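Chemist: Below are the sequence and a predicted model for it; my questions follow.
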Amino acid sequence: MNHLAAPLRELAAFALSDPSVKVRARAFSNLMWINTDEETTRLLTGVDEEAFENAIESTPLRNTHPIFRARALTVYRKVLRESSDPEKRFMAAGNAAMMGELDAQPVLREYLDQCSADRIRALASRELRPLLEVLSSDPAWRTSWVIRRALEGALSTGEWNAFIVSVDEDLKNRLLGRLETEDVSHGRGPGVQGLLRLCADSEMAQRVFRRIVDLRRAIKAANSVRSQENITLAQRLAGLERQLESFLRSLPAQTMVDGVLASLSPEFCLDELAAWAQLWDWGMDNEPDLQEALTDASREAARAYLRGAVHLLTNETDPRGEVRSQLAVSISRVGEPEDTRDIATLMASDVQRIRLGMAARARRERSLLADGSVMRYTNRYMLAVRQLKSESEGPFLAGLLAEPEFEREVCGALVE
């Protein structure tokens, strides 16, 4: 580096002797990290106080060379004593707090409290995290502040949840109320679902599931009397149902299942079964393997409930066949290979539904069974059989080739 030292010394000496304090301050800021010899270091450490203050008061601590930080601390203290400029005070307070100055923390908290959402978003890209880390002495303020900023959309709970100690019961209930009654998707309710996930438990899952069941009933009631008002109402309620289903799926599998099991009625309830079966319909790529995510007790309880519903579904209760196909998939997600028998039972029932419905259509009957006879859910049944990983999968599928209702999809499955 000797070939650089001489010209750098000359540049430093020239720039640091400029009559303009702005030039001297800029030169100091640019040169303090690239000094190469003792003479250049001496020139930089000897910079006049005015230029040093001008440079340091607008420089983040991470950009201040360690050999200048002790001197910089005196500048931060001076700014906090004398300056009324909020940005200078923020920079000084943040830098001083990160150097262990406890007296600077109240100034830093005051500034962060007064920041706009846009300013917080800008800070979040780099400066904010280390500042919140040094404010650990007041976890209650930090928790409240991050929650407030999440609810206004300035921060994401997923990225900043480490700074949230807990969500109090009052806020939890208010957020649940919004989730159950408002569209909080697509930025309309920032932070609501993220904060609820942080405090989710089986009781919350139970409440959300009960609300889903109630919404299904309300949608049926709205659709039973056709009017534009009821159509609009049913669409709004269906949106809330989808929102709650998505939220429930996002919870830990154990939490969700425990909550759903606790909410079930002692007697069989079609609306509850349909709501559960729809929750587990298909399964997304990012959802956990329920065989591994659940305790044996919870998995067996879920399996027993779902299998127990197989013989309770009829053409009267499920004229379109959708619940039967969803139930098949649900069983396969917690079942054993021998549960293929239940899938076969559901498929046989579905074949009967289709045939009776087609016969009714041929007689020009207008009924739910006749209208629903055009619905086919073969792909769901194929998925259910495959997820059970039974040794009888091949023969089972081959046997279905005799059923014209399933022939095309089964042929595709066998080829694969």
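Modeler: Received the coordinates, thanks. Numbering: from 1, shown residues only.
Chemist: ok, and the closest non-adjacent residue to residue 352?
Modeler: Using Cβ to Cβ, 6 or more residues apart in numbering and skipping residues adjacent in sequence, the residue nearest residue 352 is residue 315, 7.4 Å away. (Glycine included, C-beta is placed from N, CA and C.)
Chemist: burial measure for the one you found, as a count.
Modeler: The number of residues packed near residue 315 is 19, by other Cβ atoms under 10 Å.
Chemist: Which element, helix or strand, includes it?
Modeler: Counting by DSSP states H and E, there is no helix or strand that carries residue 315.
Chemist: ok, now which ones touch it?
Modeler: Contact partners of residue 315, counting by Cβ atoms under 8 Å, 6 or more residues apart in numbering, are 352-353, 356-357, 369.
Chemist: Tell me the buried residues within those residues.
Modeler: Buried residues within the contacts of residue 315, counting neighbours by 16 or more other Cβ atoms under 10 Å: 353, 357, 369.
Chemist: now the last one: how far from residue 328?
Modeler: Distance, residue 369 to residue 328, using Cβ to Cβ, to the nearest Å: 20 Å.
Chemist: quick one on the thing from earlier: restricted to helices, list the buried ones among the contacts of residue 315.
Modeler: 353, 357, 369 (DSSP state H).
Chemist: Any chance of those in JSON lines with distance to residue 124 and pLDDT as columns?
Modeler: Formatted as JSON lines, these follow (distance: Cβ to Cβ, whole Å; pLDDT from 0 to 100):
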{"residue": "353", "distance to residue 124": "55", "pLDDT": "93"}
{"residue": "357", "distance to residue 124": "57", "pLDDT": "93"}
{"residue": "369", "distance to residue 124": "56", "pLDDT": "92"}
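Chemist: Going by distance to residue 49, which of these wins?
Modeler: residue 353 (88.7 Å; Cβ to Cβ).
Chemist: Verify the stated contact: the closest one with residue 322.
Modeler: No - the criterion here is Cβ atoms under 8 Å, and residue 353 misses it with residue 322 at 10.6 Å.
Chemist: on that earlier part again, now the residue nearest to residue 352: phi and psi?
Modeler: Residue 315 has phi and psi values of phi -70, psi -20 when expressed as degrees, to the nearest 10.
Chemist: What of residue 165?
Modeler: phi -70, psi -50.
Chemist: what does residue 125 give?
Modeler: Per degrees, to the nearest 10, the backbone of residue 125 is at phi -70, psi -30.
Chemist: Please renumber the chain so that the first residue is 441 from this point on.
Modeler: Okay, residue one is now 441; in that scheme the one you just asked about reads as residue 565.
Chemist: quick one, helices of the stretch 641-790 of the chain?
Modeler: 642-664, 668-690, 693-703, 710-719, 730-733, 736-748, 762-774, 780-802 (DSSP state H, counting those that start in this stretch).
Chemist: Quick check: which of those is buried the most?
Modeler: Most buried of the helices of the stretch 641-790 of the chain, by mean neighbour count (mean count of other Cβ atoms under 10 Å): helix 762-774, with a mean of 25.
Chemist: other SSEs contacting it?
Modeler: On a contact count with 3 or more Cβ pairs under 8 Å, 6 or more residues apart in numbering; DSSP states H and E, helix 762-774 meets helix 710-719, helix 730-733, helix 736-748, helix 780-802, helix 818-828.
Chemist: Who are the packing partners of the shortest one?
Modeler: Which is helix 730-733. Checking 3+ Cβ pairs under 8 Å, 6+ apart, helix 730-733 ends up next to helix 693-703, helix 762-774.
Chemist: Which strands and helices lie in contact with the shortest one?
Modeler: So that's helix 693-703. helix 642-664, helix 710-719, helix 730-733, helix 736-748.
Chemist: Contacts for that helix next, please.
Modeler: Under Cβ under 8 Å, 6+ apart, the answer for helix 693-703 is 640-650, 653, 688-689, 712, 716, 719, 727-728, 730, 733-735, 738-739, 741-742, 745.
Chemist: average pLDDT for it?
Modeler: Regarding helix 693-703, the rounded mean pLDDT is 96.
Chemist: Likewise for stretch 625-645?
Modeler: 94.
Chemist: per the record, what domains does this structure have?
Modeler: Residue ranges for the domains of the chain, per automatic domain parsing: 442-602, 705-856.
Chemist: For residue 462, which residues are in contact?
Modeler: Per Cβ under 8 Å, 6+ apart, neighbours of residue 462: residue 494.
Chemist: how far away is it from residue 495?
Modeler: Applying Cβ to Cβ to residue 462 and residue 495 gives a distance of 10 Å.
Chemist: and what of residue 566?
Modeler: Taking Cβ to Cβ, one finds residue 566 at 20 Å from residue 495.
Chemist: Of those two, give the one with the bigger neighbour count.
Modeler: More crowded of residue 566 and residue 495, by other Cβ under 10 Å: residue 495, with 24 against 10.
Chemist: what about that one, which helix or strand?
Modeler: Going by DSSP H and E, residue 495 is part of helix 489-496.
Chemist: can I get the helices and strands packed on helix 730-733 in JSON lines with distance to residue 551?
Modeler: Converted to JSON lines, the helices and strands packed on helix 730-733 look like this (distance: least, Cβ to Cβ, whole Å):
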{"stretch": "helix 693-703", "distance to residue 551": "38"}
{"stretch": "helix 762-774", "distance to residue 551": "50"}
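Chemist: and residue 844, which of those helices is closest to it?
Modeler: Short answer: helix 762-774, nearest of the helices and strands packed on helix 730-733 by Cβ to Cβ, at 17.6 Å.
Chemist: pLDDT on that closest one, on average?
Modeler: On average, helix 762-774 scores 94.
Chemist: ok, now which ones touch the closest residue to residue 808 other than its chain neighbours?
Modeler: Spatial nearest neighbour of residue 808, chain neighbours left out: residue 759 (3.9 Å); criterion: Cβ to Cβ, 6+ apart. Contacts for residue 759 (Cβ under 8 Å, 6+ apart) come out as 793, 797, 807-809, 811-812.
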